[in-house]
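pasting the structure only:
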Ligand SMILES: C[S@@+](CC[C@H](N)C(=O)[O-])C[C@H]1O[C@@H](n2cnc3c(N)ncnc32)[C@H](O)[C@@H]1O
């Protein structure tokens with residue numbers, strides 16, 4: 001982990017697309033470059049529903065954080081693979097329910113650290129860490145993180161649109177398990193993950209994302225594979241679903257014109 005080292009613009013590689021900046025583009029953000037927009041255009045040619053899928057995913061994240069803060073009194077959030085700041089970030093949604101809420105953002109893209117720090121300058125209860133989530137043991141032991149979070153209190157571990165970035169070789173299931181082992185009973189996992197039941201869709205879109213990231217990505221998985229990432233945790237209603245249908249809040253979901261891939265997931269608790 002390297003929280004002390006602020007990202008400088010020269011560290012941001014604009015010669016290749018970045019997942020964080022592509023996602024920012026799909027959400028209508030401005031922190032992206034031509035190379036990211038071209039990668040998004042190619043992806044949207046293959047899967048025209050992708051922009052809507054990103055927006056629906058972000059809405060799921062907002063509903064999930066609000067639900068955990070309001071209905072379960074969760075006051076600590078660790079956002080693994082947080083992405084660039086956008087509207088309604090985790091700390092803002094949580095603090096709108098309970099101002100004392102604390103949030104740790106973790107992402108390995110230097111652009112996230114740069115923009116996250118600017119956003120959080122005035123916020124003593126939230127921080128952003130530039131690190132690889134796979135090093136969560138080191139990250140959680142960092143004095144800044146330990147000062148911010150009380151690991152004896154129920155905490156939400158977010159893996160939202162993130163675990164498909166982790167290859168099978170790095171065992172995403174044990175990553176979730178390892179994180180939940182550190183957190184007490186009453187803690188929750190929030191997960192969404194790119195999914196398809198069609199092997200050809202999984203192959204094609206995985207290949208495109210591997211090409212975009214120079215091989216630094218995982219894969220599109222089946223809903224059954226994603227269910228296994230929840231292990232023994234207790235999934236809340238409505239279960240694991242296409243996330244625009246997870247406890248809708250009356251805000252009309254962005255329509256996916258096609259269903260080449262979906263974000264599949266839900267929330268589960270450690271009992
Ligand atoms: C699609 S974005 C999701 C952003 C946010 N969680 C959301 O759903 O709105 C995935 C993020 O994970 C980050 N990421 C990918 N692999 C990572 C890793 N091994 N460690 C930390 N962050 C990672 C990317 O940089 C990107 O910002």
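That came in fine, so what should we check first? Quick caveat: nothing in here was measured; it's all calculated off a predicted structure.

Could you report the neighbour count for residue 266?
Using other C-beta atoms under 10 Å, residue 266 has 23 other residues around it. For every residue, glycine as well, the C-beta is placed using N, CA and C.

Let me know the helix or strand that it is in.
strand 262-269 (DSSP states H and E).

tell me which strands and helices that strand is in contact with?
helix 50-72, strand 188-195, helix 223-228, strand 234-235, strand 241-242 (3 or more C-beta pairs under 8 Å, 6 or more residues apart in numbering; DSSP states H and E).

any bit of the first one sitting next to the ligand?
Yes - with C-beta under 6 Å from any ligand atom as the criterion, the ligand is reached by helix 50-72 at 57-58, 61.

from the chain's centre, how far out does that helix sit?
The chain centroid and the centroid of helix 50-72 are separated by 10 Å under C-alpha atoms, centre = their mean, to the nearest Å.

Does residue 98 touch residue 69 like I think?
Yes - the pair residue 98 / residue 69 is scored as a contact, 5.7 Å apart, by C-beta atoms under 8 Å.

Stretch 190-199: end-to-end distance?
Stretch 190-199 has an end-to-end distance of 26 Å (criterion: C-alpha to C-alpha, to the nearest Å).

Check whether it comes near the ligand.
No - Stretch 190-199 lies apart from the ligand when judged by C-beta under 6 Å from any ligand atom; the minimum separation is 6.7 Å.

ok, residues contacting that stretch?
57, 60-61, 64-65, 68, 156-164, 176, 202, 205, 220-223, 226, 229-230, 243, 260-268 (C-beta atoms under 8 Å, 6 or more residues apart in numbering).

Show the average pLDDT along that stretch.
Averaging pLDDT along stretch 190-199 yields 98.

Get me the contact residues on this structure for the ligand.
Checking the chain against the ligand by C-beta under 6 Å from any ligand atom, the hits are 19-20, 23, 57-58, 61, 81-83, 106-109, 112, 132-134, 160-162, 165.

From those residues, which land in helices?
Using DSSP state H, the subset of these located in helices is 19-20, 23, 57-58, 61, 112.

now, the most widely separated pair of those?
Using C-beta to C-beta, these span at most 16.6 Å, a distance reached by 57 and 112.

Who has more neighbours out of these two?
residue 112 (26 against 23).

Just confirm that one contacts residue 84, I think it does.
Yes - taking C-beta under 8 Å as the definition, residue 112 is a contact partner of residue 84 at 5.6 Å.

before we move on, the earlier item: can you tell me which of the helices and strands packed on strand 262-269 is most buried?
Across these, averaging neighbours per residue (mean count of other C-beta atoms under 10 Å) puts strand 188-195 on top, at a mean of 26.

Residue 215 - that's part of a helix, no?
No - Residue 215: not assigned to a helix; according to DSSP: H, G, I helix; E, B strand; the rest coil it is coil.

How confident was the prediction at the residue most central in space within the chain?
Per C-alpha atoms, centre = their mean, the C-alpha nearest to the average position across the chain is that of residue 160, at 3.1 Å. According to the predicted model, the pLDDT of residue 160 comes to 98.

Leaving out chain neighbours, which residue sits closest to residue 153?
residue 76 (5.9 Å; C-beta to C-beta, 6 or more residues apart in numbering).

Same check on residue 106?
Nearest residue to residue 106 in three dimensions, chain neighbours excluded: residue 129, at 4.9 Å (C-beta to C-beta, 6+ apart).
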